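> Return a 3D structure for these sequence lines:
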Amino acid sequence: MTQTLPHLITEAAALSVAGAGLLRYEVGPALICAGADATVVIVGPGDNPGVSGVQDSAKVLLRGDGVPALHPRFDFPGALPIHLFARLDQGYLSLGTARCRRMGGESTSAHFNHAVLELDQPLSRAVLDAVRPVPAPGPVPGVEWVDLVATDPIRALESFVLGWFPTEETEPAEDGSTAGEAGSLPEALAAFHRLARLRPAIHRFHDPVLRQPERASGPLGDQLVFARAGRGLHGLVHPVATGGTGRS
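A predicted model of the protein is given here:
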């Protein structure tokens, strides 16, 4: 049985769901509008796992600099309803209502940098195909890097990242970033950060590597923190072992 898309509406009609006193915010590429009656979230189409947008038939991800004023809209069970829309070329497609199931951030919860919204009703196949169109198949990246893992792991990393992650428009490194401190990092970690500036997508994983490693003290002496899992330490390198050993 062929499924058809629901009727598309205008942007004004989508925003009207929020009610009076509309305030507009941006979290990454998503538009969030807070009104007296509801919160309206508008995302773009695309098959981009880990980036703001529809992730599957039941989940929508918001990722970007959090807005403290929006925290009560997502954090409390009794908050106003959340209505989701997708911005298509022909108009705006309603995805239904959702609840926020998880929020996270590197500082206080009010400064969340991602939120996971769970749809009250899963999307139909027709709607899912419209908001996550299947991209045209392209050339498959090579796997020659596998042969280098044992003999030249850094070159293997470079070959893998440059071949398997897409190119993006990148910004120059800010003052004080690891770009100017590569000599103080272990060779493999410095290579990772160099590649991350060329392929930013390698930072878009759960518990990603920190964009700027931190110095810390521990029972074994001075350490270099290069990743975190939640609020706990995820990866440590002892500065005295910058040759690649001594990881804990």
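
> Might you list the low-confidence residue ranges for the chain?
1-3, 76-78, 105-111, 169-183, 230-248 (pLDDT under 70).

> any chance you could map the helices in it?
Secondary structure of the chain (DSSP state H): helices at 11-16, 71-75, 125-131, 153-164, 187-198.

> And the ones you listed: which comes nearest Asn48?
The closest of the helices of the chain to Asn48 is helix 125-131. By C-beta to C-beta, the value is 11.1 Å. From N, CA and C alone the C-beta is placed, and that goes for glycine too.

> The closest one packs against which elements?
Here helix 125-131 touches strand 53-56, strand 92-104, going by 3 or more C-beta pairs under 8 Å, 6 or more residues apart in numbering; DSSP states H and E.

> Report the buried residues of the shortest one.
Along strand 53-56, these residues count as buried under the neighbour rule (16 or more other C-beta atoms under 10 Å): Gly53, Val54, Gln55.

> Would you mind giving the helices of the chain as CSV with mean neighbour count and distance to Leu88 added?
What follows is those, written out as CSV (neighbours: other C-beta atoms under 10 Å; distance: least, C-beta to C-beta, whole Å):
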stretch, mean neighbour count, distance to Leu88
helix 11-16, 16, 11
helix 71-75, 18, 24
helix 125-131, 16, 7
helix 153-164, 16, 29
helix 187-198, 18, 32
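
> Reformat these as JSON lines; add distance to Gly28.
What follows is the helices of the chain, written out as JSON lines (distance: least, C-beta to C-beta, whole Å):
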{"stretch": "helix 11-16", "distance to Gly28": "18"}
{"stretch": "helix 71-75", "distance to Gly28": "14"}
{"stretch": "helix 125-131", "distance to Gly28": "16"}
{"stretch": "helix 153-164", "distance to Gly28": "22"}
{"stretch": "helix 187-198", "distance to Gly28": "18"}
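
> can you tell which of those is closest to Lys59?
Of all the helices of the chain, helix 125-131 sits nearest to Lys59, with 11.2 Å by C-beta to C-beta.

> wait, Gly91 sits on Leu5?
No - using C-beta atoms under 8 Å, Gly91 makes no contact with Leu5, being 9.9 Å away.

> Of the helices of the chain, give the one that comes closest to Ile82.
Set against Ile82 and scored by C-beta to C-beta, the helices of the chain come closest in helix 71-75, at 7.3 Å.

> who touches that closest one?
Contact with helix 71-75 is made by 32, 34, 39, 79-80, 82, 100, 103, 109-110, 112, 115, 117, as judged by C-beta atoms under 8 Å, 6 or more residues apart in numbering.

> Sitting in strands, which of those residues do you find?
Ile32, Ala34, Thr39, Ile82, Cys100, Met103, Ala115, Leu117 (DSSP state E).

> Make a ChimeraX selection of whichever of those turn out to be buried.
Paste this into ChimeraX to select the buried members of these, with burial taken from 16+ other C-beta under 10 Å:
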select :32,34,39,82,100,103,115,117
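
> Just flag the most distant two among the ones in strands among the contacts of helix 71-75.
Going by C-beta to C-beta, the pair spanning the ones in strands among the contacts of helix 71-75 furthest: Ala34 and Met103, at 15.8 Å.

> Show the contacting residues for the residue nearest to Phe160 when sequence neighbours are not counted.
Distance criterion C-beta to C-beta, 6 or more residues apart in numbering; nearest residue to Phe160, sequence neighbours excluded, is Trp145 at 4.4 Å. Neighbouring residues of Trp145 by C-beta under 8 Å, 6+ apart: Arg155, Ala156, Leu157, Ser159, Phe160, Gly163.
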